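Trainee: sequence first, predicted coordinates after that:
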Amino acid sequence: MTFPAGLASLSGADPLVALRAYRPLAPWSLRDLAALAGALLEASNIVPVNAAARALPGERTIRFYVARGLVSPPEGRGTAATYGYRHLLQVLAIKLRQMEGATLDSLGKELAELAGDMLERRVAGVLGPALPSPERVLAGPGTHEPRGRVARAMQSALPAPGQPPRPTTCRRIPCGPGVELLLDERHPALQVPGAEAALVRDIAQLLDQAGTGAPPAP
């Protein structure tokens, strides 16, 4: 089975929006990338075709993917190496296709032919509405919760367990005629330079598509 051509039919949260919430949290260390990918795969509730495909991607596995050319090389070397949002998409795509029965030998050409936006949409479509937000990944149970930058960013926006919500200050972001986005100043989506402009661009695109009735751009 190949990836679906577009997003899954949604009645609630858009998995593409949920997936893009992780983009401002990059870059990650190899350990954090493995933990984050594992948490998203665990939350997907996808039943793999065999026991081997059920294994979550560890640090050694991701290094193997890089050596095979299935995952792009990281920025930097050794312990200073960092991995970005596309690395996360690549790792998720590999594991999701393995869960469907694909072999690593067959994935090289398949993944190489996917542009970044198509890879993102297909990963989101397979994970579906079960794809959790960063807040749910951090707060949820399990041994594969991300640490490092992912955890620190979310902890700054979430109250401590048992404590009332922290006072918040929202940033008002104009996104188009008659449309404004209110976002907590501590939200991880605002913690990276240029993130606000990226949010405005994505929301403006969604508004244009809603106004014309056009499907999402491939």
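Mentor: Noted; the coordinates are in hand. Numbers count the residues shown, from 1 in each chain.

Trainee: tell me where this structure is predicted with low confidence.
Mentor: Within the chain, the ranges that satisfy pLDDT under 70 run 1-13, 48-53, 115-116, 135-168, 184-193, 211-218.

Trainee: buried stuff in the longest helix along it?
Mentor: If each helix of the chain is counted by residues according to DSSP state H, the longest one is helix 195-212. Across helix 195-212, burial judged by 16 or more other C-beta atoms under 10 Å covers Ala195, Glu196, Leu199, Val200, Ile203, Leu206. Every C-beta, even on glycine, is put in place using the N, C-alpha and C of the backbone.

Trainee: pull the CA atoms of it into PDB?
Mentor: Listed next in PDB are the C-alpha coordinates belonging to helix 195-212 (Å, rounded to 0.1, in the frame of the first residue of the first chain):
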ATOM      1  CA  ALA A 195       7.900  31.600  13.000                       C
ATOM      2  CA  GLU A 196       5.200  34.400  13.100                       C
ATOM      3  CA  ALA A 197       5.600  35.100   9.400                       C
ATOM      4  CA  ALA A 198       5.400  31.400   8.600                       C
ATOM      5  CA  LEU A 199       2.200  31.100  10.600                       C
ATOM      6  CA  VAL A 200       0.700  34.100   8.800                       C
ATOM      7  CA  ARG A 201       1.700  32.600   5.400                       C
ATOM      8  CA  ASP A 202       0.200  29.100   6.200                       C
ATOM      9  CA  ILE A 203      -3.100  30.600   7.500                       C
ATOM     10  CA  ALA A 204      -3.400  33.000   4.600                       C
ATOM     11  CA  GLN A 205      -3.000  30.000   2.300                       C
ATOM     12  CA  LEU A 206      -5.700  28.100   4.100                       C
ATOM     13  CA  LEU A 207      -8.000  31.100   3.900                       C
ATOM     14  CA  ASP A 208      -7.400  31.400   0.100                       C
ATOM     15  CA  GLN A 209      -8.200  27.700  -0.300                       C
ATOM     16  CA  ALA A 210     -11.400  28.000   1.800                       C
ATOM     17  CA  GLY A 211     -12.500  31.000  -0.300                       C
ATOM     18  CA  THR A 212     -12.000  29.400  -3.600                       C
END
